[in-house]
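[1] quick one: sequence plus predicted model below, questions after.
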Amino acid sequence: MYSFNKAGKITSLSLYFATDQFDAISSSGTTQENGKVYINHPFILTVRKGVNAYCTENLAAMNENYYTDATFGNSTMAWGKTIDLAERKKQLEKEFAKYDNIKMRQVGYPDCIYYAKDDSYTVYSWWIWSGTSKANGKKFECPLMLSDSFDKDGKIVSEFESYSSNHFE
């Protein structure tokens with residue numbers, strides 16, 4: 001924005017723009033904290049209960065942990081694509097029909113991260129997912145990482161699974 005005097009000369013120039021990029025550059029030169037890491041937290045227990053419900057094929061118990069509009073994604077899906085709870089239920093029913101003896105063995109320990117900047121919580125957990133194909137009796141074992149984000153009421157609002165599909169080919 002320009003200001004002019006009576007002679008038509010510029011007397012001031014004001015620039016208006018988003019400062020987010022400059023703020024990011026300015027703060028990148030310092031070490032900053034963005035929350036806390038919890039080794040024990042109620043949200044970690046919620047994830048473990050969900051995993052246990054999955055292993056016993058108890059969809060009702062699993063669904064108790066999710067917000068009604070929760071989204072689900074995994075590393076084999078197109079980037080940014082998610083499905084809703086109803087579609088996830090259908091996927092799980094297909095898995096239960098395809099595999100026997102489904103197990104999830106925890107590897108290491110989960111972390112519950114509180115992100116102060118977004119005032120949000122995410123639980124990261126690592127597992128060995130295993131089972132047996134009902135079709136041919138072939139066993140599979142696959143490393144899996146879960147990323148579960150929570151709302152203020154302690155319900156999971158999004159879940160992302162990272163794994164390699166080549167364990168099932």
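    All right, it came through fine.

[2] when you work out contacts or count neighbours from here on, use the C-alpha atoms and nothing else.
    Noted.

[3] report pLDDT for the closest residue to Ser75 other than its chain neighbours.
    Of all residues not flanking Ser75 in the chain, Ser162 sits nearest, at 5.0 Å (Cα to Cα, 6 or more residues apart in numbering). We have a pLDDT of 95 for Ser162.

[4] hang on, Ser162 packs against Phe72?
    No - using Cα atoms under 8 Å, Ser162 is not in contact with Phe72; the gap is 11.4 Å.

[5] and the residue nearest to Ser75, how many neighbours?
    Number of residues near Ser162 (other Cα atoms under 10 Å) recorded here: 15.

[6] same question, Ser120
    With other Cα under 10 Å as criterion, Ser120 counts 14.

[7] where does Ser26 land in three-state SS?
    At Ser26 the chain is in helix, as set by DSSP: H, G, I helix; E, B strand; the rest coil.

[8] pull out the buried residues from the longest strand anywhere in the chain.
    Assignment by DSSP state E gives strand 120-133 as the longest strand of the chain. For strand 120-133, burial by neighbour count (16 or more other Cα atoms under 10 Å) applies to Tyr121, Thr122, Val123, Tyr124, Ser125, Trp126, Trp127, Trp129, Ser130, Gly131, Thr132, Ser133.
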